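Q: here's my sequence, what's the structure:
(one chain, ligands or ions: 1)
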Amino acid sequence: MQPAAKPSQATGQAPPPPPCHRCREIKARRYTAVRQGDRETAEAMVTAMGVHLRAAHS
Ligand SMILES: [Zn+2]
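A: Numbers count the residues shown, from 1 in each chain. So this is what the prediction gives:
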(Lines give C-alpha, C1' and ligand atoms only; values in the text may rest on other atoms or scores of the structure.)
Protein backbone atom coordinates (compact mmCIF):
# COMPACT_ATOMS: atom_id res chain seq x y z
CA MET A 1 0.00 0.00 0.00
CA GLN A 2 1.43 3.34 -1.02
CA PRO A 3 0.19 6.75 0.10
CA ALA A 4 -1.81 8.49 -2.60
CA ALA A 5 -0.28 11.88 -2.05
CA LYS A 6 3.20 12.81 -0.97
CA PRO A 7 3.90 16.00 0.94
CA SER A 8 4.96 18.75 -1.40
CA GLN A 9 8.70 19.15 -1.77
CA ALA A 10 8.44 22.49 -3.53
CA THR A 11 7.28 24.37 -0.46
CA GLY A 12 9.24 27.54 0.11
CA GLN A 13 10.74 27.66 -3.37
CA ALA A 14 10.09 30.73 -5.45
CA PRO A 15 8.94 30.18 -9.03
CA PRO A 16 11.66 30.71 -11.62
CA PRO A 17 11.72 34.09 -13.33
CA PRO A 18 10.22 34.34 -16.79
CA PRO A 19 12.69 33.52 -19.57
CA CYS A 20 13.70 36.92 -20.82
CA HIS A 21 16.77 37.53 -22.95
CA ARG A 22 17.34 40.98 -21.47
CA CYS A 23 17.17 39.67 -17.89
CA ARG A 24 19.74 37.00 -18.65
CA GLU A 25 22.00 39.49 -20.37
CA ILE A 26 21.89 41.95 -17.47
CA LYS A 27 22.48 39.20 -14.91
CA ALA A 28 25.41 37.84 -16.90
CA ARG A 29 27.00 41.27 -17.19
CA ARG A 30 26.54 41.96 -13.49
CA TYR A 31 28.03 38.59 -12.57
CA THR A 32 31.04 39.21 -14.78
CA ALA A 33 31.52 42.70 -13.37
CA VAL A 34 31.36 41.39 -9.78
CA ARG A 35 33.93 38.71 -10.55
CA GLN A 36 36.23 41.30 -12.09
CA GLY A 37 35.83 43.65 -9.14
CA ASP A 38 34.10 46.24 -11.31
CA ARG A 39 31.71 47.67 -8.75
CA GLU A 40 30.72 50.57 -10.95
CA THR A 41 29.46 48.31 -13.71
CA ALA A 42 27.91 45.90 -11.22
CA GLU A 43 25.90 48.69 -9.62
CA ALA A 44 24.93 50.00 -13.03
CA MET A 45 23.59 46.54 -13.92
CA VAL A 46 21.55 46.45 -10.71
CA THR A 47 20.02 49.76 -11.70
CA ALA A 48 19.47 48.55 -15.26
CA MET A 49 17.77 45.43 -13.94
CA GLY A 50 15.44 47.50 -11.78
CA VAL A 51 14.52 49.71 -14.71
CA HIS A 52 14.04 46.70 -16.98
CA LEU A 53 11.86 44.87 -14.46
CA ARG A 54 9.56 47.86 -14.16
CA ALA A 55 9.50 48.46 -17.89
CA ALA A 56 9.07 44.90 -19.11
CA HIS A 57 7.77 42.82 -16.20
CA SER A 58 5.22 44.98 -14.42
ZN1 LIG B 1 13.33 40.60 -18.42
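Q: any idea of the pLDDT on Ser8?
A: We note a pLDDT of 56 for Ser8 in this prediction.
Q: next, count neighbours for whatever residue of the chain ends up closest to the ion.
A: Using C-beta to the ion, the point where the chain gets nearest to the ion is Cys20, with a distance of 2.9 Å. Using the backbone N, CA and C atoms, a C-beta is placed for each residue, glycine as well. For Cys20, the number of neighbouring residues by other C-beta atoms under 10 Å comes to 14.
Q: looking at it, it is touching Leu53, isn't it?
A: No - with the criterion set as C-beta atoms under 8 Å, Cys20 and Leu53 do not qualify as a contacting pair; they are 9.5 Å apart.
Q: could you pull up phi and psi at Gly37?
A: Main-chain dihedrals, Gly37, degrees, to the nearest 10: phi 80, psi 20.
Q: how many neighbouring residues does it have?
A: Here the number of neighbours of Gly37 (other C-beta under 10 Å) works out to 8.
Q: name the nearest residue to Ala42, sequence neighbours excluded.
A: Here the nearest residue to Ala42 in space, its sequence neighbours aside, is Ala33; by C-beta to C-beta, 6 or more residues apart in numbering that works out to 4.1 Å.
Q: how close does that neighbour sit to Ile26?
A: Computed with C-beta to C-beta, to the nearest Å, the distance linking Ala33 and Ile26 is 11 Å.
Q: quick one: which of the two has more around it?
A: With neighbours defined as other C-beta under 10 Å, Ala33 and Ile26 compare such that Ile26 has more, 21 against 18.
Q: residue ranges with poor pLDDT in this protein?
A: Counting by pLDDT under 70, the low-confidence segments of the chain come to 2-3, 6-11, 15-18.
Q: list, one by one, the residues from it near the ion.
A: Residues of the chain found near the ion, taking C-beta under 5 Å from the ion as the criterion, are Cys20, Arg22, Cys23, Ala56.
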